[in-house]
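Visitor: Following is a predicted model, sequence given first.
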Amino acid sequence: MGNGHSHGHGHSHGHSSNKKALMLSFILISSYMVVEVIGGILTNSLALLSDAGHMLSDAAALGLSLFALKLGERKASETKSFGYRRFEIIAAALNGLTLIIISVYIFYEAYNRFLNPPEVQSLGMFTVAFIGLLVNIVAAWILMRGDKDENLNVRSAFLHVIGDMLGSVGAIVAAILIYFFGWGVADPIASVIVCILILISGWRVTKDSFHVLMEGTPIRISTNELKTALLNVPNVKGIHDLHVWSVTSDEHMLSCHISISGEGSHDEVLKQSQSILHEEFGIDHATIQVEKEEHGCPNPHGGCN
């Protein structure tokens, strides 16, 4: 019998860029948050207040995401053998849940405003929303330069900012309609439209983060394709006890048993398998136990193939 373990350490550059992007966005969003809250109160606009409330959650989300990345830098210990990077996923889940809660609250406020449309200062509403839009465009651009496609934590923060950007657009449109046509109902309508978009984003991030926390198979990895690729390695006869999961959204793990024929070389099979996992599936952390085919499957519950 033989076993092997491979590691990859190519996360440092992406980690550094993610941290910088989150820090710059946090400073930018936090700075304008106060202005938007005051503007929303003075103009009596729900669309603007919902945008301000979402910007407040942006600041908290970005701060939480930044804290998660900083915490993830702590080294593994005897009690935390994987380190603290999993907290990034917890932060993403909290951000997603926050988006959902905010959406429900704004729906409630919009309902009341449909019944009793208040007087809204459209010109001030337009000015504050327009500046807010510019701020969010810059913040979104900064986060796009991070690793948002691979890092769920950064993606959740990015979606917060995109949702806030849409909120600014909705407030701008509502302000124009109120100013030129006197449509006071445009304010709560804009809030509801933005809420639906925010709710969808929040649900997706929450669902993806819970999938990781439940140690589900990474979405972009097919276990069937993975098994087929390993079975194509010369002298490999079977794969069993296969488990694929993620520590964070960009760090995947694998463990399995590989059965080989009598003439197969443990070291050669192990080397080729690890190479396939790295090159074709982006898995750099793999624990593989190689065993002779005649030893059979030790799993009493089956699962050998």
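Guide: Done, it's in.

Visitor: starting at the chain centroid, how far to stretch 119-129?
Guide: Relative to its chain's centre, stretch 119-129 lies at 33 Å (C-alpha atoms, centre = their mean, to the nearest Å).

Visitor: which parts of that stretch are buried?
Guide: 120, 121, 122, 124, 125, 126, 128, 129 (16 or more other C-beta atoms under 10 Å). Quick note: C-beta positions are derived from backbone N, CA and C, even for glycine.

Visitor: ditto for stretch 172-180
Guide: Of the residues in stretch 172-180, 172, 173, 174, 175, 176, 177, 178, 179 count as buried by neighbour count, 16+ other C-beta under 10 Å.

Visitor: circling back to that earlier point, would you list the buried residues of stretch 119-129 in a markdown table and tack on distance to residue 197?
Guide: Formatted as a markdown table, the buried residues of stretch 119-129 follow (distance: C-beta to C-beta, whole Å):
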| residue | distance to residue 197 |
| --- | --- |
| 120 | 22 |
| 121 | 25 |
| 122 | 23 |
| 124 | 24 |
| 125 | 20 |
| 126 | 21 |
| 128 | 20 |
| 129 | 16 |
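
Visitor: Make CSV out of the residues you listed and add secondary structure, pLDDT and distance to residue 23.
Guide: Listed next are those as CSV, based on DSSP: H, G, I helix; E, B strand; the rest coil; pLDDT from 0 to 100; distance: C-beta to C-beta, whole Å:
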residue, secondary structure, pLDDT, distance to residue 23
120, coil, 80, 35
121, coil, 84, 35
122, helix, 86, 35
124, helix, 86, 31
125, helix, 85, 30
126, helix, 90, 31
128, helix, 85, 25
129, helix, 86, 26
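
Visitor: With respect to residue 202, which of the residues you listed is nearest?
Guide: residue 129 (21.5 Å; C-beta to C-beta).

Visitor: which stretches of the stretch 151-300 of the chain have low pLDDT?
Guide: Within the stretch 151-300 of the chain, the set of residues satisfying pLDDT under 70 comprises 151-153, 294-300.

Visitor: got the residue ranges for the helices in it?
Guide: In the stretch 151-300 of the chain, the helices defined using DSSP state H, counting those that start in this stretch lie at 152-181, 186-213, 223-231, 266-281.

Visitor: In a markdown table: the buried residues of stretch 172-180, plus distance to residue 158.
Guide: Below are these laid out as a markdown table (distance: C-beta to C-beta, whole Å):
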| residue | distance to residue 158 |
| --- | --- |
| 172 | 21 |
| 173 | 23 |
| 174 | 25 |
| 175 | 26 |
| 176 | 27 |
| 177 | 29 |
| 178 | 30 |
| 179 | 32 |
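
Visitor: So residue 61 is in contact with residue 98, correct?
Guide: Yes: using C-beta atoms under 8 Å, residue 61 is in contact with residue 98, at 6.5 Å.

Visitor: neighbour-wise, which of the two wins?
Guide: Neighbour count, other C-beta atoms under 10 Å: between residue 61 and residue 98, residue 61 has more, with 31 against 21.

Visitor: who does the host helix or strand of the more buried one touch, helix- and strand-wise?
Guide: Using DSSP states H and E, residue 61 falls within helix 46-72. Helix 46-72 is packed against helix 12-43, helix 87-115, helix 122-144, helix 152-181, helix 186-213, with contacts defined by 3 or more C-beta pairs under 8 Å, 6 or more residues apart in numbering; DSSP states H and E.

Visitor: Residue 84 is in contact with residue 71, correct?
Guide: Yes: Residue 71 is within contact range of residue 84, at 4.7 Å (criterion: C-beta under 8 Å).

Visitor: Residue 40 and residue 54 touch, don't they?
Guide: No: judged on C-beta under 8 Å, residue 40 makes no contact with residue 54 at a distance of 10.9 Å.

Visitor: Give me the more crowded residue out of the two.
Guide: residue 54 (29 against 25).

Visitor: Tell me the one of the buried residues of stretch 119-129 nearest residue 230?
Guide: Closest approach between these and residue 230, by C-beta to C-beta: residue 129, at 54.4 Å.

Visitor: could you measure residue 159 against residue 70, distance?
Guide: Relative to residue 70, residue 159 is positioned 21 Å away (C-beta to C-beta, to the nearest Å).

Visitor: Sorry, slip of the keys, the one I care about is residue 155.
Guide: 18 Å.

Visitor: More neighbours: which of the two?
Guide: Neighbours were counted for residue 155 and for residue 70 using other C-beta under 10 Å; residue 155 has more, 24 against 14.

Visitor: So the more buried one sits against residue 209, correct?
Guide: No: using C-beta under 8 Å, residue 155 is not in contact with residue 209; the gap is 9.8 Å.
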